[in-house]
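>>> sequence isn't available, so here's the structure alone:
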């Protein structure tokens, strides 16, 4: 209202008016008719006694339909505001004197009466006039609405008392409530829980609730592979009190997303899809859309707590860069200096004393049972003389991580189902039965002799069996790396990558990354990876798509490389050289460039022109 009365819509208008001769700017036929009726033989004589002339006057008018409605609306609005002041003894609303003052203005006096005209485009599309139109329609039904409210007064009082009682129980901590959406219909004064009624039970002992969020303004290392992520700073290592559980409740009519960070209990309703922070890494039965929305909520919550741009987040060793895409993308969006760190590397920096390393080639294995799999990762000590000068306590040794070995497979499907039912939080099942929280069992200890007998592992100096999150190792690595500057304290042997191509009438593997390829894991640094063989694109295809494989695994990763270009389809085979680059920690760590090699074929009279094309590795449609 205040914006409108300061700047009403105006429209150019014209009217006939008696004006002084010096103010006349425009004449029309009526002006000459009126002038001809005056006595006098010429214009000078006609104007001698009365120097005024009927002329055309142009002006900006506020007498428009939208302003007429505004005036009628404010007059109608002033009535209940006065009634509230006079009858309910309320303080005078600040709008009322502004309305009364505006009605005494010349602009308001120039606006005619509203005649219940149909709405024009301004009333329907203008930001403020549309609100006036909507409010005007509501005011027309105000009396009927009040009458209806009186008829439902007793029922609504019961609704208010019921929910005020729920609020008292919650604030007192005498009851625990299972988290579920509560839907509101303000027009009908209706409060409707998604289930038929709220699920709650008596809390023993009394729940002490805290609604404040502790903020941390230094770099941290966090392990998200738990329902209550653990984190470490330079001075402490604790678990977050929040439960990183996200749900989407959906039926045929509506959908609601809720976050269960401070919840008393989780309601595993049949309409709800539940995703925990653990599911971001290990779940195989959730859609990409749900995982992405949950990851976005979790990353935003982390940012509310951890204010520094640096966040080291631990990664299970057996997961590939492609399987981490959703988590990495959402964390990178909130933390500019986010760095993924394998759990094995963090474990070494947490437990290994550099004084125990006698020579290069010192080998450690880290055993980590997580996500239904037991993963064994070898780390080899390598010597760097420059590192010894820069960081003497390392004795010049950095760690080289080898590709992980899956030592034992658990029953993944049963493990995932068990995790869903055994959240580290009280749960209510879809039959409204309450179940206490069940703590995660510690992984079984594996005898080092068993590992030595495995030909994939062999001899090693000593073994680390991970039983909890090695977040202290991650923050220690960060502190040391700050002092080592540009010299990385560990290297990574990235796994073999290959695509399948048609050759000699059958599909064969074409290796992009060969075994033993080692890179420096520096955040954002693009490291070139040499691809020795030339690659041939066969002629005639409108595009090329190659399934991606990791290691010797016969199953696809679920990703493929797609190549498009305006030059397709090619008239003849194109021989290309491939330039692969790896950028640690970025949203798209792998980038492959096809560069054409122009050559003459037979009596071909022109070079084959094929521009270099970047492509992204992406999840195939079959997996969402």
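Sure, I can see it. Given the structure is predicted, the values throughout are model-derived calculations rather than measurements. Residues are numbered from 1 along each chain as shown.
>>> just the helices in the stretch 151-300 of the chain please.
Remark: helices assigned in the stretch 151-300 of the chain by DSSP state H, counting those that start in this stretch are 153-172, 279-282, 288-305.
>>> give the stretch among these with the greatest mean number of neighbours.
helix 279-282 (a mean of 21; mean count of other Cβ atoms under 10 Å). (Glycine included, C-beta is placed from N, CA and C.)
>>> which other helices and strands contact it?
Secondary-structure packing of helix 279-282 (3 or more Cβ pairs under 8 Å, 6 or more residues apart in numbering; DSSP states H and E): helix 288-305, helix 325-334, helix 412-421.
>>> next one: the helix or strand that the second one is followed by to chain centre, how far?
Elements were assigned by DSSP states H and E; along the chain past helix 325-334, the next helix or strand is strand 337-342. Distance, stretch centre to chain centre, for strand 337-342: 19 Å (Cα atoms, centre = their mean, to the nearest Å).
>>> same question for stretch 334-349.
21 Å.
>>> residues of it that come out buried?
Residues 334-335, 338-349 are the ones in stretch 334-349 that count as buried (16 or more other Cβ atoms under 10 Å).
>>> what's the first-to-last distance across it?
In stretch 334-349, first residue to last residue: 26 Å (Cα to Cα, to the nearest Å).
>>> try stretch 173-188
Start-to-end, stretch 173-188 (Cα to Cα) is 31 Å.
>>> now that stretch: average pLDDT?
Averaging the model's pLDDT scores along stretch 173-188 yields 92.
>>> again, but for stretch 284-300
Mean pLDDT, computed over stretch 284-300, is 94.
>>> contacts for that stretch, please.
Residues from elsewhere that reach stretch 284-300 (Cβ atoms under 8 Å, 6 or more residues apart in numbering): 224, 244, 246, 248, 257, 259, 273, 275, 277, 279-280, 283, 326-327, 329-331, 333-335, 412, 416, 619, 623-624.
>>> again, only this time at 7 Å
Here stretch 284-300 makes contact (Cβ atoms under 7 Å, 6 or more residues apart in numbering) with 244, 246, 248, 257, 259, 273, 275, 277, 279-280, 326-327, 330-331, 333-334, 619, 624.
>>> and stretch 380-388, by the same measure?
Residues contacting stretch 380-388 (Cβ under 7 Å, 6+ apart): 357, 360-363, 394-400, 402, 484, 487.
>>> tell me the buried residues in that stretch?
380-384, 387.
>>> follow-up on the earlier one: between the helices and strands packed on helix 279-282, which one is nearest to residue 546?
Evaluated over the helices and strands packed on helix 279-282, closeness to residue 546 peaks at helix 325-334, with 18.1 Å, by Cβ to Cβ.
>>> and the closest one, what other elements does it pack with?
Judged by 3 or more Cβ pairs under 7 Å, 6 or more residues apart in numbering; DSSP states H and E, helix 325-334 is in contact with helix 288-305, strand 337-342.
>>> contacts for the last one next, please.
When you say that, I think you mean strand 337-342. By Cβ under 7 Å, 6+ apart, strand 337-342 touches 309-315, 317, 324, 328, 331-332, 401, 474, 523, 585.
>>> equivalent analysis for stretch 491-507, please.
For stretch 491-507, contacts defined as Cβ under 7 Å, 6+ apart pick out 320, 398, 400-403, 508-521, 546-551, 561, 582.
>>> the strands in the stretch 1-150 of the chain, which residues?
Applying DSSP state E, counting those that start in this stretch to the stretch 1-150 of the chain gives strands spanning 11-20, 52-61.
>>> now do the buried residues in the last one.
Same thing as strand 52-61. In strand 52-61, counting by 16+ other Cβ under 10 Å, buried: 53-57, 61.
>>> so for that strand, what's the average pLDDT?
The average pLDDT within strand 52-61 is 80.
>>> that one vs strand 11-20, what angle?
Counting by axes from the mean of the first three to the mean of the last three Cα atoms, to 10 degrees, strand 52-61 lies at 160 degrees to strand 11-20.
>>> got any ranges where the stretch 451-600 of the chain has weak pLDDT?
For the stretch 451-600 of the chain, applying pLDDT under 70 flags the ranges 553-556, 596-600.
>>> residue 71 reaches residue 108, doesn't it?
Yes. Applying Cβ atoms under 7 Å, one finds residue 71 in contact with residue 108, separated by 6.2 Å.
>>> among the two, which residue is more densely surrounded?
residue 71 (23 against 19; other Cβ atoms under 10 Å).
>>> any idea of the pLDDT on the more buried one?
Residue 71 carries a pLDDT value of 94.
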